[in-house]
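Novice: structure of the sequence below:
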Amino acid sequence: MQIETERLLLRPLTLADVDEFVAIHAESAVARFVRTFTREEAIERLQLCEREWADRGHGLLAVLDRASGRFVGRAGLKYWPQFDETEVGWVIRRDAWGRGFATEAGRACLSWGFGSLPVQYLTAMIRPDNARSINVARRLGMAALRTDALAEVPVVVYAINRDDWPART
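Specialist: Now for the predicted structure:
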């Protein structure tokens with residue numbers, strides 16, 4: 001499975017991405033909002049990711065700059081059984097911020113999700129102090145749905161309904 005946008009190529013994350021995965025999560029500006037991973041933890045997370053792809057048909061994607069082939073982040077769809085919801089998420093390396101990659105990847109993932117999953121809405125779980133991701137969610141047409149906790153971290157859950165998505169594409 002691959003998704004191509006104007007500037008990006010999105011493909012499933014694999015164990016071959018472990019070094020990039022660890023590096024992006026270790027960047028201090030990124031680690032303010034997402035957890036860090038040791039190499040061993042990253043391998044476990046990527047193995048889980050591969051199982052989710054096999055079991056659910058969706059999961060996390062590597063985000064590559066089409067022009068250079070460079071790994072600029074990760075995005076994708078993640079099912080959270082404790083909420084019975086599927087989340088669209090994005091993490092972009094710090095030196096690629098401000099170029100619209102998160103919005104472009106998020107838009108591609110929302111289109112893919114609504115096109116392939118029988119869900120009425122998709123969410124984005126964002127820490128309340130992550131203004132950049134909140135702005136991305138708003139650009140994607142998402143609105144705050146509720147406050148919650150994900151892995152004991154307070155989040156604001158943004159959402160967009162299937163019926164509202166076609167107007168945003």
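Novice: quick check: which element contains the spatially most central residue of the chain?
Specialist: Nearest to the geometric centre of the chain sits Gly89, at 2.2 Å (CA atoms, centre = their mean). Using DSSP states H and E, the element containing Gly89 is strand 85-92.
Novice: tell me the helix or strand right after that strand.
Specialist: Counting by DSSP H and E, the next helix or strand C-terminal to strand 85-92 is helix 101-116.
Novice: which residues touch the very next helix or strand once past that following helix?
Specialist: Next in sequence after helix 101-116, counting helices and strands by DSSP H and E, comes strand 121-126. Contacts to strand 121-126, defined as CB atoms under 8 Å, 6 or more residues apart in numbering, come from residues 77, 80, 83, 85-89, 106, 110, 113-114, 133-134, 136-137, 140, 142, 145, 148, 150, 155-162. Any C-beta I mention is one placed from the backbone N, CA and C, and that applies to glycine too.
Novice: can you spell out which helices and strands pack onto whichever helix or strand comes after strand 121-126?
Specialist: Going down the chain from strand 121-126, the next helix or strand is helix 131-139, by DSSP H and E. In terms of contacts (3 or more CB pairs under 8 Å, 6 or more residues apart in numbering; DSSP states H and E), helix 131-139 is packed against helix 101-116, strand 121-126, strand 153-161.
Novice: okay, now the unreliable bits of the protein?
Specialist: 167-169 (pLDDT under 70).
Novice: looking at it, which helix is longest?
Specialist: With secondary structure taken from DSSP state H, the chain has its longest helix at helix 39-56.
Novice: buried ones in that one, by neighbour count?
Specialist: 42, 45-46, 49, 52-53 (16 or more other CB atoms under 10 Å).
Novice: tell me the one of the residues you listed nearest Val63?
Specialist: Cys49 (14.0 Å; CB to CB).
Novice: correct me, but His58 touches Gly115?
Specialist: No - using CB atoms under 8 Å, His58 is not in contact with Gly115; the gap is 11.0 Å.
Novice: who has more neighbours out of these two?
Specialist: Counted by other CB atoms under 10 Å, His58 and Gly115 do not tie: His58 has more neighbours, with 20 against 8.
Novice: by contact count, what packs against the longest helix of the chain?
Specialist: Under the contact definition 3+ CB pairs under 8 Å, 6+ apart, helix 39-56 sits against strand 8-12, helix 18-26, strand 71-80.
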